[in-house]
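Student: Return a 3D structure for these sequence lines:
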Amino acid sequence: MSPTVLPVSRRTVLRGVGLSVVGSTLSLSACGTSSSGDDAPEPDPLLAESARARADSASATAAIAQFPASSDTLTVVADQRRAHADVLDTEIARLTPPPPTGTTTPTATPEPAPVAAPTLTELAESLSASSRSAADLARTLSGYRAGVLGSVSAACALASSAVSA
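Tutor: Numbering: from 1, shown residues only. Reported below is the predicted structural model:
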């Protein structure tokens, strides 16, 4: 038995990242907007997914110190979830109309407050819940947004398996 067995091969991680990028890229041209005519716009459904991605990233980062043997895997998970949040934030900004005053103030999604390091099981469960949440929301959307969420869901499922292995 080798003491330094990685729970996920580099090829598997790259395949997951590649699928996320390809899914996002292929869906780019199929986006659209709809207007319901309401005075107050509904909150963007991607906001919750972005917040969940940032929380998962913070949890994975916090777990690195507690589980140094899994630091490579946890670093990849943290980086991927941060990238998911960035892509979701970009998509939210793309479809958010500018303020009517003509002046724009840049808003950034704040990083979550420092979290206590979760166990690997807790992190895997959180990633699995993120996968289900993204998949459920993807089924209600269409075009680019559905493609992004499908890619996020697949990456979270892979990350959950990698963390729990």
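Student: Which helix runs longest in the chain?
Tutor: Counting residues, the longest helix found in the chain (DSSP state H) is helix 71-95.
Student: Counting by contacts, list what it packs against.
Tutor: Packing partners of helix 71-95 (3 or more CB pairs under 8 Å, 6 or more residues apart in numbering; DSSP states H and E): helix 10-26, helix 46-66, helix 120-140, helix 143-164. No exception for glycine: its C-beta is placed from N, CA and C like everyone else's.
Student: how far off helix 120-140 does it point, in degrees?
Tutor: Inter-element angle recorded for helix 71-95 and helix 120-140: 30 degrees (by axes from the mean of the first three to the mean of the last three CA atoms, to 10 degrees).
Student: Give me whichever of the helices and strands packed on helix 71-95 is most buried.
Tutor: Greatest average neighbour count among the helices and strands packed on helix 71-95 goes to helix 143-164 (a mean of 23), per mean count of other CB atoms under 10 Å.
Student: Return the angle between stretch directions for that one and helix 46-66.
Tutor: Going by the same axes, to 10 degrees, helix 143-164 makes 20 degrees with helix 46-66.
Student: Quick one: mean pLDDT for helix 143-164?
Tutor: Mean pLDDT, computed over helix 143-164, is 95.
Student: For residue 128, give its distance to residue 142.
Tutor: Look at residue 128 and residue 142: by CB to CB, to the nearest Å, they are 25 Å apart.
Student: What of residue 164?
Tutor: For residue 164, the distance to residue 142 - CB to CB - is 32 Å.
Student: looking at the helices and strands packed on helix 71-95, which is closest to residue 74?
Tutor: The closest of the helices and strands packed on helix 71-95 to residue 74 is helix 46-66. By CB to CB, the value is 4.8 Å.
Student: tell me the mean pLDDT over the closest one?
Tutor: 96.
Student: So which elements touch that helix?
Tutor: For helix 46-66, the packing partners by 3+ CB pairs under 8 Å, 6+ apart come out as helix 71-95, helix 120-140, helix 143-164.
Student: Distance to residue 50 for these - can I get that in TSV?
Tutor: Output for these, formatted as TSV (distance: least, CB to CB, whole Å):
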stretch	distance to residue 50
helix 71-95	4
helix 120-140	11
helix 143-164	10
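Student: so which of those gets nearest residue 42?
Tutor: Nearest to residue 42, of all these, is helix 71-95, at 11.6 Å by CB to CB.
Student: Quick check: buried residues in that closest one?
Tutor: Residues of helix 71-95 classed as buried by neighbour count (16 or more other CB atoms under 10 Å): 72-74, 76-78, 80-85, 87-89, 91-92.
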